[in-house]
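> 3D model of this:
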Amino acid sequence: MRALRGLLSLIVKLATFLALVAGVLRLFFVDAFVMPHNGMAPTLVYGEQVLVWRRAKPDLGDIVLCQHPRQAEASVIGRVLAFSGHTVSTDSRGQLFVDESRTSVEGGGAVRFFDQTREKMFVMRSSTIDYRGKHRHEFFVEEGTTFSLRTHRVAEGIYLLGDNRADSWNDSREFGEVDPSTCRGELFMRMSPGEARDDDVAHGWFEPVH
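Take a look at the predicted model:
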């Protein structure tokens, strides 16, 4: 009985310590944010609660939360594709370029994805992309379509691209460059998944995102 009381006491102390650590992190270093759209699917989907490492400096391949360049009260989320002085483009086959450097893509298969914001099931082509040997992640292109973006030379900001290439209205293809000084931080962990969906994209609790 004494051993059980000791174990319970240890558990309570550990839980208290972890709660204090979480409180300090939340107060000084971390923000919580709920995904408002599916522009970052399959990495992040609508309704998921994510953690943002406050004031992290945007780096190539990072998923960042920034101020909308046209609407001061709104935020944007995207993956850093290019910085000032670089040019982004695609060719006729949908291959992505940064300057003259072609990104490396490995094809995957067909994936069913239910977009809750549009209440519609889509068949997506899932592939893996490598950013200059520095960063690898999955991305979506809607089956039967070819990804494209207008050639753009980044002037002063950063160019954000969503992992869901079919969702062009939630990244720099729609709103243009983002001022890096307005970025609140880097998204680094999924705290909780969104509502259950009858599709092939399954996420869990407390998962790192990259």
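> so who does the residue nearest to residue 207 when sequence neighbours are not counted touch?
Leaving aside its chain neighbours, residue 207 sits nearest to residue 190 (4.7 Å; criterion: Cβ to Cβ, 6 or more residues apart in numbering). Where C-beta positions appear, they are placed from N, C-alpha and C, glycine not excepted. Contacts here follow Cβ atoms under 8 Å, 6 or more residues apart in numbering; on that basis residue 190 touches 44, 48, 49, 50, 51, 203, 204, 205, 206, 207, 208, 209.
> Distance check, the fifth one against residue 188.
In this case it means residue 51. Residue 51 sits 6 Å away from residue 188, going by Cβ to Cβ, to the nearest Å.
> Which positions in stretch 122-140 come out as buried?
122, 124, 125, 126, 127, 129, 131, 137, 138, 139, 140 (16 or more other Cβ atoms under 10 Å).
> how is this protein carved up into domains?
What automatic domain parsing lists as the domains of the chain is 1-30, 35-208.
> Compare residue 51 and residue 188 and say which one has the larger neighbour count.
Using other Cβ atoms under 10 Å, the more surrounded residue of residue 51 and residue 188 is residue 51, with 22 against 16.
> which outside residues touch the helix or strand harbouring that one?
Assessed by DSSP states H and E, residue 51 sits inside strand 49-54. For strand 49-54, the surrounding residues in contact (Cβ under 8 Å, 6+ apart) are 28-35, 44, 65, 184-192, 209.
> Weed out the non-buried ones from these.
Neighbour-count burial (16+ other Cβ under 10 Å) applied to the contacts of strand 49-54 gives 30, 33, 35, 44, 65, 184-190, 209.
> In TSV: those residues, plus distance to residue 103 and secondary structure.
Shown next, in TSV, are these (distance: Cβ to Cβ, whole Å; DSSP: H, G, I helix; E, B strand; the rest coil):
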residue	distance to residue 103	secondary structure
30	31	strand
33	27	strand
35	24	coil
44	20	coil
65	23	strand
184	27	strand
185	25	strand
186	21	strand
187	21	strand
188	23	strand
189	25	strand
190	25	strand
209	20	coil
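> for those residues, which one is nearest residue 77?
Distances from residue 77 to the buried ones among the contacts of strand 49-54, taken as Cβ to Cβ, are shortest for residue 65 (5.5 Å).
> ok now do that closest one, which residues does it touch?
Contacts of residue 65 by Cβ under 8 Å, 6+ apart are 31, 33, 52, 75, 76, 77, 183, 184, 185, 186, 187.
> For those residues, give me a markdown table that also has pLDDT and distance to residue 117.
A markdown table is the format used below for the contacts of residue 65 (pLDDT from 0 to 100; distance: Cβ to Cβ, whole Å):
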| residue | pLDDT | distance to residue 117 |
| --- | --- | --- |
| 31 | 94 | 22 |
| 33 | 93 | 16 |
| 52 | 97 | 21 |
| 75 | 93 | 16 |
| 76 | 95 | 16 |
| 77 | 96 | 14 |
| 183 | 94 | 24 |
| 184 | 93 | 22 |
| 185 | 95 | 24 |
| 186 | 96 | 24 |
| 187 | 96 | 18 |
